[in-house]
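Asker: sequence first, predicted model second:
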Amino acid sequence: KAGVTQTPRYLIKTRGQQVTLSCSPISGHRSVSWYQQTPGQGLQFLFEYFSETQRNKGNFPGRFSGRQFSNSRSEMNVSTLELGDSALYLCASRKTGVGEQYFGPGTRLTVT
Amino acid sequence: AQTVTQSQPEMSVQEAETVTLSCTYDTSESDYYLFWYKQPPSRQMILVIRQEAYKQQNATENRFSVNFQKAAKSFSLKISDSQLGDAAMYFCAYRSGGGETSGSRLTFGEGTQLTVNP
C-alpha cells in the first residue's frame, strides 16, 4: 500500500510570490491534515480537510489556504510569501474515526 | 486549549541500555489519545506508540512502552535495548477523542533529541 506522498519535496521561492503544495493521502483515507514545522515554533497545525470540507483550522493568517478534491488529494497554498514561511510542511492522512495518522515525507520550502 | 510539554530537549543513551523520555500535557477533556512520534534525520514522521485515555493498561510495542499517569497528566516513553536506529527526534502528541466526528488535529510537544552512543 503506497504511503502519503507530497510534491514537490523541495521548493525555493522569493518573497511576495505564492506557492502551492500537494499531498496525496493513502488510498481510502478521507482526512488530510497539514502541519508547519520550524526550528522556532516547532510543529504547528495548519488545517484539516475531510470529504472536501475544512474541518479544523489552526492559528495562521489568511495567506494560508487549502482545499481537498473528490479523490481526497489536498493542496495548500501560501500567498504573498514571507521569509518566516520557510519551513518543512508536513501532510498527514487518516482513515476515519480512531484511525492513525500517517505522515508524508514533507515539502521543504525556502523563501529568499 | 490543550498543551503538551517535553522538558528534555536532548537525551543520550548507550546502545543496549534503557532510556525514558518525559512528556506532560494539560487538558480538560476526558476522551483523548496520546502518541509518541519519531522523526529521524530523513524528517519522515513515524508513529511509535499510541495510548487511549480510557485504557488503564499502558501500551507496549516491542521495545517501546509508555507509562501513562492520567491523574498526573504524564505520558513517558521507555525505550528498552536501545539501538543505533532509535536515534531521532521524538515528539509527544495529543489528539482529542470523539470518534467518527472528531478531528485529526495533533498538538505536539517541543521534541526530545535522542542520541544513541555505540
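Answerer: Everything's here; your move.
Asker: in chain B, which spans are strands?
Answerer: With strands called from DSSP state E, chain B shows them at B:3-5, B:10-14, B:19-21, B:24-26, B:32-39, B:46-52, B:60-61, B:64-69, B:74-79, B:88-96, B:107-108, B:112-117.
Asker: A:Thr53: which of these is closest?
Answerer: Of all these, strand B:88-96 sits nearest to A:Thr53, with 18.1 Å by C-beta to C-beta. C-betas here are computed from N, CA, C, even on glycine.
Asker: tilt between the closest one and strand B:64-69?
Answerer: Here the directions of strand B:88-96 and strand B:64-69 differ by 40 degrees (axes from the mean of the first three to the mean of the last three C-alpha atoms, to 10 degrees).
Asker: which other residues reach strand B:88-96?
Answerer: A:43, B:2, B:4, B:6, B:21, B:23, B:25, B:27, B:29, B:31-41, B:45, B:48, B:75, B:77, B:102-109, B:111-114 (C-beta atoms under 8 Å, 6 or more residues apart in numbering or on different chains).
Asker: partner strands of that strand and their direction?
Answerer: Sheet pairing for strand B:88-96, assigned by DSSP bridges, gives strand B:32-39 (antiparallel), strand B:107-108 (antiparallel), strand B:112-117 (antiparallel).
Asker: can you say which of those strands is packed in most?
Answerer: strand B:32-39 (a mean of 22; mean count of other C-beta atoms under 10 Å in any protein chain shown).
Asker: counting by contacts, list what the helix or strand bottoming out on mean pLDDT in chain A packs against.
Answerer: The helix or strand of chain A with the lowest confidence, counting by mean pLDDT, DSSP states H and E, is strand A:53-57 at a mean of 91. Helices and strands touching strand A:53-57, as assessed by 3 or more C-beta pairs under 8 Å, 6 or more residues apart in numbering or on different chains; DSSP states H and E, comprise strand A:42-50.
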